[in-house]
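Chemist: Below are the sequence and a predicted model; questions follow.
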Amino acid sequence: MSEINQPKTRSARLQSITDIIGQNRIRSQRELAQLLADSGFDVAQPTLSRDLFDLGVAKNSAGYYIIDSDAITNYTRLEKSLRELLVYIQTSDQFCVLRTPPGGAHLLAGAIDRSKIDGVLGTIAGDDTVLMITRDKKVANDIFSKFMQSLEAKVKE
């Protein structure tokens, strides 16, 4: 596909990263950024780091590789996201409202969606607010309790 016709969407960039890592031995973000630029994606290092995190990419002595997205990995990512991003949570019936710092809602919502929590029907993210819709009030209250533990642990740190 030529550079002119290639869509410059985030999903296209993520697919390109996945393809590049799957087909090449990548040893640095600089090398990956150059290959992305050659494919028509000019990406800043912080954006590339977030993309690698979102894709579940890890690095070892052989280079970057994509981790299998099993439940443990996704739960670990969710725990990390909760510690880093969650500043407030409240429930109402089958809904949970989660607050993050500005710009953090989509990251937290993505971590929640990827972790496939039983009873969570989906999330909607704004800039600093995530609306999580659950199957029922009991699920919302259970999640509230678990997420509050992460919030309280962060306060103690």
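Modeler: That came through fine.
Chemist: Downstream of the lowest-mean-pLDDT helix or strand in the chain, the next helix or strand is which one?
Modeler: Ranked by mean pLDDT, DSSP states H and E, the weakest helix or strand in the chain is helix 71-85, scoring a mean of 74. Counting by DSSP states H and E, the next helix or strand C-terminal to helix 71-85 is strand 88-92.
Chemist: Can you list the strands that that next one pairs with?
Modeler: strand 95-99 (antiparallel) (DSSP bridges).
Chemist: can you list the residues that contact the strand it pairs with?
Modeler: Identification of contacts with strand 95-99 by CB atoms under 8 Å, 6 or more residues apart in numbering yields 86-91, 105, 108, 128-134, 140, 143-144, 147. Where C-beta positions appear, they are placed from N, C-alpha and C, glycine not excepted.
Chemist: Okay, domains of the protein per the record?
Modeler: Domain assignment for the chain by automatic domain parsing gives 10-66, 80-156.
Chemist: Show me how far the last one is from its chain's centre.
Modeler: Put simply, domain 80-156 sits 13 Å off its chain's centre (CA atoms, centre = their mean, to the nearest Å).
Chemist: Wait, a helix at G40?
Modeler: No: the assignment for G40, made by DSSP: H, G, I helix; E, B strand; the rest coil, is coil rather than a helix.
Chemist: So for D54, what's the nearest residue that isn't a sequence neighbour?
Modeler: Distances taken as CB to CB, 6 or more residues apart in numbering place G110 nearest to D54, at 6.3 Å, with adjacent residues excluded.
Chemist: Any idea how many residues pack against the one you found?
Modeler: 19 (other CB atoms under 10 Å).
Chemist: Help me confirm that it is found in a helix?
Modeler: Yes: checked against three-state DSSP, G110 lies within a helix.
Chemist: Just the pLDDT for it.
Modeler: G110 carries a pLDDT value of 88.
Chemist: go on, P102?
Modeler: Note on P102: pLDDT of 92.
Chemist: Determine the three-state secondary structure at it.
Modeler: P102 - assigned by three-state DSSP - is coil.
Chemist: was I right about it contacting V87?
Modeler: No: at 10.6 Å, P102 does not count as touching V87 under the criterion of CB atoms under 8 Å.
Chemist: Between those two, which has more neighbouring residues?
Modeler: Between P102 and V87, V87 has the larger neighbour count (other CB under 10 Å), namely 12 against 7.
Chemist: What does the more buried one show for phi and psi?
Modeler: When read as degrees, to the nearest 10, the backbone of V87 gives phi -120, psi -20.
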